[in-house]
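S.K.: Can you look at this prediction? I've put the sequence above it.
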Amino acid sequence: MSFFHPLVLMERRLPIIESQKEAAVGCGISPTMSPLEKRKSLRKRLPPWFRTSLPTGISQQRYNDTKSKVVSHGLNTVCEEARCPNVHDCWGKGTATFMIAGDVCTRGCRFCAVGTVKSPPALNEEEPRELAEAVSKMGLSYAVITVVNRDDLPDGGARHYGNCINEIADRSPEVGIELLCSDLDGNLEALDELLDGIPLRVFAHNVECVPRLDKLVRDRRASFKQSLSILRSAKEARPDVMTKTSLMVGLGETDEEILSVLYDLHLHKVDIVTIGQYLSPGPKHLPVNRFVSPSQFDSYRIEGENKLGFLQVISSPLTRSSYHAGEVKKLMMSHPR
């Protein structure tokens, strides 16, 4: 039996902010909206700079070809499942993102739309073959493989991730591969085994937010410090592979904190950083704190590339982890390892 003081319970509840219209209803009249409906009504509208344009010419043709293959073969991509605003751009350039190891996660980050369970289904042993077949059928030039957290597995799923990547490389050796990996619960031995000889161009792991907001934004088992350790260890294990991370803004951070994070990432030998606007997946997730202007995003890029010396900083409102991922080939040619 637990004995919580009523005031403690009250403090743990999120406050419901009423609009001026609701506050003016007066005493004795019940609000017509539920708490969930109230939160929906208070969500910020998207600024005009979120409008996107469709591809044209060769890019449009390539997007159409990829879309046709996805439909005809019954394939599933994160690009469509997550309704990514950049799907036309990426598919038009021959890049797509796939999520492996299941469609539910063992962690519950407050920014993420992926479902959370303590005991997810067993890994699909046929997934490496099925994934390699999908990549081949889509005719891609670059594939990003992202994963869910699998804290239920001793190695965090590392062996399975390696099997998937090796299968793709065996079947489509011309395809560049990027792995967006979990933190493997800090298991550096599993990380070393995963990276040993694996045919990767980029190893990515996202820090997600500034360290001050870790407890608010991420699952309690994740931390900025642990993410830095994973990124640094990956670079030490495979100096020939580029390391990459992603950061969301609009969660309550300051611009000064963003610059501090960039400095820490550079100290830990990260090569590529992507910075994008956080957009709340739904009313049960964290609300958007602010919309960062395109000019401010550009200032992050200038600070990172020109002053700190990252190989690449992709920073814009619509930037996501795998946005312009295929451009890494150009980076490798200009910065041979």
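M.R.: In hand now; what should we look at? Numbers count the residues shown, from 1 in each chain.

S.K.: which residues touch residue 266?
M.R.: Contact analysis of residue 266 by C-beta atoms under 8 Å, 6 or more residues apart in numbering lists 304, 308, 309, 310. Every C-beta, even on glycine, is put in place using the N, C-alpha and C of the backbone.

S.K.: any idea which element it lies in?
M.R.: helix 255-267 (DSSP states H and E).

S.K.: How far does that helix sit from its chain's centre?
M.R.: 18 Å (C-alpha atoms, centre = their mean, to the nearest Å).

S.K.: what helices or strands is the first helix or strand past it going along the chain leaning on?
M.R.: Beyond helix 255-267 on the C-terminal side, the first helix or strand identified by DSSP H and E is strand 272-277. If you count contacts as 3 or more C-beta pairs under 8 Å, 6 or more residues apart in numbering; DSSP states H and E, strand 272-277 packs onto strand 242-249, helix 255-267, helix 294-302, strand 312-315.

S.K.: Direction included, what does the last one pair against?
M.R.: Think strand 312-315. strand 272-277 (parallel) (DSSP bridges).

S.K.: for this protein, what are the low-confidence residue spans?
M.R.: Low-confidence segments of the chain (pLDDT under 70): 1-44, 52-55, 73-83, 86, 91, 323-337.

S.K.: can you give me the helices in it?
M.R.: 6-12, 20-23, 35-41, 57-72, 78-81, 87-91, 127-138, 158-171, 188-195, 214-217, 224-237, 255-267, 294-302, 328-334 (DSSP state H).

S.K.: Tell me which of these approaches residue 49 most closely.
M.R.: Closest approach to residue 49 among the helices of the chain is made by helix 294-302 (5.4 Å; C-beta to C-beta).

S.K.: Residue 231 against residue 243, yeah?
M.R.: Yes - using C-beta atoms under 8 Å, residue 231 is in contact with residue 243, at 5.4 Å.

S.K.: What about residue 125, how many residues nearby?
M.R.: 9 (other C-beta atoms under 10 Å).

S.K.: How about the backbone phi and psi for residue 172?
M.R.: The phi/psi pair for residue 172 (degrees, to the nearest 10) reads phi -130, psi 70.

S.K.: Identify the residues contacting it.
M.R.: 132, 135, 136, 140 are the contacts of residue 172 under C-beta under 8 Å, 6+ apart.

S.K.: Of those, keep whichever come out buried.
M.R.: Neighbour-count burial (16 or more other C-beta atoms under 10 Å) is assigned, among the contacts of residue 172, to 132, 135, 140.
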